[in-house]
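Trainee: Here is a sequence together with a model predicted from it:
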Amino acid sequence: MSLRSRLGRARDAFAGHLGGVRSGAVVDAAAWDALEDALILADVGVATTADLLRRVRERADSLAVDRPEVVLDLLKEELVTRLGAADRGLASGGAPSVWLFVGVNGAGKTTTIGKLGRRQVEAGKKVVFAAGDTFRAAAVHQLELWGERAGASVVRGAEGADPGSVVFDAVEHAAASGADLVLADTAGRVHTSGNLMDELSKVRRVAEKGAGTVTETLLVLDATTGQNGLVQARRFTEAAGVTGVVLTKLDGSSRGGIVVAVQEALGIPVKLVGVGEGPGDLVDFDPAEFVDALFDLDDDDRSGACSTA
Amino acid sequence: MFDGLTVRFDRILRQIRGRGRLGPEEIDEILGEIRVALLEADVNLEVVRTFQRRIRERALGAELGGVLNPGQQVVRIVLDEMTAVLGGETVRLAYASRPPTVVLLAGLQGSGKTTAAAKLARWFKAQGRNPLLIGADLQRPAAVEQLRTLGDRIGVPVFSEATDPTAVAREGRAEAVRLGRDIVICDTAGRLAIDDDLMDEVGEISAVLRPDHTLLVVDAMTGQDSANVALAFHARLDIDAVVLTKLDGDARGGAALSIREVVGRPIAFASTGEGLDDLEVFHPDRMASRILGMGDLETLIEKVETTFEKQQAEEAAARMLDGRFTLDDFLDQIRHLRKMGPLSSTMGMVPGMAQQMRGVDAEIDERRVDRLEGIINSMTVAERVDAGLIDGSRRARIAVGSGVQPSEVAQLVRQFREMRRLMKQIDGRGSRARGGRKGRGSKARGTKGRKGGRTTPSGPIPVGRSAKSGLSLPGLGGDREGSAPDLFGIWQPE
């Protein structure tokens, strides 16, 4: 299943606004407003949207184009450019490498670790899960179930144990058993809690006390997140040095537009996208495909969208 | 970003100050700023439009005059509209006439249903109820185990079995009847997409469970999609109210406004922390300024509020001095105290009391306030109007309902009466000091209708405390050294 079809629902909602733009002869004031609406509804944010459209307008003016297809292509190009420059590979190089997963409660950290662990095992890596979420009831058990499915061993502490020590033990265990990779879970935390953010900084430091190196700190961000996503990214970066975003639950009707702002403001790229409930539904983020999937319309969509214009 | 907004807003207001009426251009300029604020707070775009339209109509039609300048008037209209949409009153879930009262929780994945289920159970338990939790999320690995662990922690039984969600719901309800539990709270699997199969499943659970209340659990951090999500769930489940989670972060929570506007259902509870007792009855009045989120603007709003509350306070004071002060008024009083904090300034408006109140500040012990609110909430309407009705058996019932000792109920009633008696005494002076007061009081009664069993119009009623003692609200005393909280003994009206 392609990312495009998986994004079907997101595309439909977005396309409803764009359909009106496409059906017109030229992009007039109402069409620019419709573009703005579409971007805001996709959670791109007011400021980023205004900035995007200003730039596209300038380019359209300088090229003297006003046909809808051409202007939409300019907008797509602009979005891809803004999303596109970053390195999206997941870095390794430690012995073992440690990938730390952080984020607010309910973003999907544990599930992401399960899915990514499976991918890495299938790619021939020896993987250890560190059950660093010692706060949420049954989180450790949830990770253990994923460990069984993925073929990864799980290192756990007692409930309420210090998450730093659990991660440390996992790294030691991985080093001793010749594992390549430690995927470290952490408890979800609201980024306004100073103590818990300090705890996260400590977990990151402790993870490098032994043989391991933290080569990725991945912020797991729910695609339904609104403008607060940018604040989250900033705070988690301050606390733990975020290197990439995992955008989860993108198969709902939400569109995850906040990642544009996160990339622009903080230079943190989206690296992975969760597009379904199955273990294989965690895919690499491809900006061109992402933007294309949002903008492309087939004929049915177009006729449907025309009636709403 | 928002600092800029405040500055811009302030500038516009300064331009228009002193004019008798706002022109369409100025109003549009202000509305543009409000639009940005609302969108940044994740209020749904369509909801923002509706909102702007309504404010525009009211602002254009408004005769601007009186105590507020035009800018303040617009701020007032914005606040009024927001409060109207959010609902001015806190929501109370009614208990079923034939127990158990069944509550169904639904929502997207990761919105916090399982935690909310446990927090709700704990909340009901604190109200003196006996809840049972049903774990019907058979999808997420270890979700039932999570619920069981939380259930253990709060001492609430959990029912689940590895069959199918509908069967679990049916059996769970039967189990509650068997065990004599009077509240049933059912956790369900998160719906990731607006997925027809999964929506069918929760629809079936609802059909067998026949819930008295269906609550949609929504993450306060949700963006533009919140309105669509709420509509989709509402179409299938006919939701009654919303639980807003993760409100302890700094998300503005525009979802609250969007959902209220789009499906017309209120926010009943807000989750404000990781602890299992961090669940509060939602206070709509606090949400408006949070959504607007303009720090400096709040000062501006306060000025407007002060003017209005002054009038309200005088009306309420009149009521109190007439001896028509009821326990309902008292409850209102507590709520206003929570909202406003120090009441010394309002107290100064009561004729003859200004002197005693000078330089006095009030501190409230939140837990005691909770207890008082709980006690009064457990009274019937009749009891609140006439505290004299409360005999031994009523007292025992109220005590059970609010989870306190009967003696605490008795203490509250005694102090309430004492307070009312003192107020009547003061009235003698008040009437002489200020003519025409009673006329205004009765006008206020005529214009302010209330639903929900209120018997008197609301409004802050000045209540004071002496400089030495603590609050003079019965039961709220600042008895830091363990002294009795009956402060009227210390407080001497002339």
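Mentor: That came through, no problem.
Trainee: Pick out the residue in the stretch 1-150 of chain A sitting closest to chain B.
Mentor: A:Gly106 (3.1 Å; C-beta to the nearest C-beta). No exception for glycine: its C-beta is placed from N, CA and C like everyone else's.
Trainee: In a helix, B:Ile134, correct?
Mentor: No. Counting by DSSP: H, G, I helix; E, B strand; the rest coil, B:Ile134 is not found in a helix; it is strand.
Trainee: Look up the pLDDT of the residue nearest to A:Gly276 when sequence neighbours are not counted for me, please.
Mentor: Using C-beta to C-beta, 6 or more residues apart in numbering or on different chains and skipping residues adjacent in sequence, the residue nearest A:Gly276 is A:Asp251, 5.3 Å away. Here, the pLDDT recorded for A:Asp251 equals 78.
Trainee: In this model A:Val275 seems to touch A:Asp251, though I could be wrong.
Mentor: Yes. Using C-beta atoms under 8 Å, A:Asp251 makes contact with A:Val275 at a distance of 5.0 Å.
Trainee: tell me the contacts of the residue in the stretch 151-300 of chain B positioned nearest to chain A?
Mentor: Here the stretch 151-300 of chain B gets closest to chain A at one residue, B:Gly223, 2.7 Å apart by C-beta to the nearest C-beta. B:Gly223 sits next to A:Asp43, A:Thr224, A:Thr225, A:Gly226, A:Gln227, A:Gly229, A:Ser254, A:Gly257, A:Ile258, B:Asp42 when contact means C-beta atoms under 8 Å, 6 or more residues apart in numbering or on different chains.
Trainee: again, only this time at 7 Å
Mentor: Neighbour list for B:Gly223: A:Asp43, A:Thr224, A:Thr225, A:Gly226, A:Gln227, A:Ser254, A:Ile258, B:Asp42 [criterion: C-beta atoms under 7 Å, 6 or more residues apart in numbering or on different chains].
Trainee: nearest to B:Ile267, of these?
Mentor: The shortest approach to B:Ile267 among the contacts of B:Gly223 belongs to B:Asp42, at 14.5 Å (C-beta to C-beta).
Trainee: Give the helix, strand or coil label for that closest one.
Mentor: coil.
Trainee: Now for it: which residues touch it?
Mentor: If you count contacts by C-beta under 7 Å, 6+ apart, then B:Asp42 has A:Gly226, A:Gln227, B:Thr222, B:Gly223, B:Gln224, B:Arg252, B:Gly254, B:Ala255 around it.
Trainee: Please parse chain B into its domains.
Mentor: Chain B is divided into the following domains under automatic domain parsing: B:2-89, B:101-282, B:326-489.
Trainee: Nearest spatial neighbour of the residue in the stretch 201-309 of chain A that chain B sits nearest to, chain-adjacent residues omitted?
Mentor: Relative to chain B, the nearest point of the stretch 201-309 of chain A is A:Gly226 (2.7 Å; C-beta to the nearest C-beta). Of all residues not flanking A:Gly226 in the chain, B:Gly223 sits nearest, at 2.7 Å (C-beta to C-beta, 6+ apart).
Trainee: returning to what we had before: return the item of the contacts of B:Asp42 having minimum pLDDT.
Mentor: The member of these with the lowest pLDDT is B:Arg252, at 84.
Trainee: Around that residue, how many other residues sit close by?
Mentor: For B:Arg252, the neighbour count with other C-beta atoms under 10 Å in any protein chain shown is 25.
Trainee: now B:Val74
Mentor: Neighbours of B:Val74 (other C-beta under 10 Å): 27.
Trainee: Verify the stated contact: it with B:Leu31.
Mentor: No. When contacts are counted by C-beta atoms under 7 Å, B:Val74 is not listed as touching B:Leu31 (9.0 Å).
Trainee: Residues of the stretch 351-494 of chain B that sit close to chain A?
Mentor: Contact residues (C-beta under 7 Å from any C-beta of the partner chain) of the stretch 351-494 of chain B with chain A: there are none.
Trainee: Below-threshold pLDDT in the stretch 351-494 of chain B: ranges please.
Mentor: Applying pLDDT under 70 to the stretch 351-494 of chain B flags residues B:351-367, B:422-494.
Trainee: Go again with 80.
Mentor: Along the stretch 351-494 of chain B, the model assigns pLDDT under 80 to residues B:351-370, B:415-494.
Trainee: and A:Arg235, what pLDDT?
Mentor: 96.
Trainee: which residue packs closest to it, ignoring adjacent ones?
Mentor: A:Arg235 sits nearest to A:His191 (C-beta to C-beta, 6+ apart), 3.7 Å away.
Trainee: okay but that neighbour is in contact with A:Phe236, surely?
Mentor: Yes. Judged on C-beta under 7 Å, A:His191 makes contact with A:Phe236 at a distance of 6.1 Å.
Trainee: For the residue of the stretch 151-300 of chain B closest to chain A, what are phi and psi?
Mentor: Phi and psi for B:Gly223, reported as degrees, to the nearest 10, are phi -90, psi -140.
Trainee: again with B:Leu276
Mentor: Main-chain dihedrals, B:Leu276, degrees, to the nearest 10: phi -70, psi -10.
Trainee: Also the one 3 residues further on?
Mentor: Geometry field for B:Leu279 lists phi and psi as phi -130, psi 130, criterion degrees, to the nearest 10.
Trainee: Identify all residues paired with it through a beta bridge.
Mentor: Beta-bridge partners recorded for B:Leu279 (DSSP bridges): B:Ser271.
Trainee: and the stretch 101-250 of chain B, which of its residues are near chain A?
Mentor: So far as C-beta under 7 Å from any C-beta goes, the stretch 101-250 of chain B lies against chain A at B:108-112, B:141-142, B:145-146, B:149-150, B:192-194, B:219, B:221-225, B:228, B:246, B:248-250.
Trainee: returning to what we had before: who are the contact partners of the residue of the stretch 1-150 of chain A closest to chain B?
Mentor: A:Gly188, A:Asp222, B:Gly110, B:Ser111, B:Gly112, B:Asp219.
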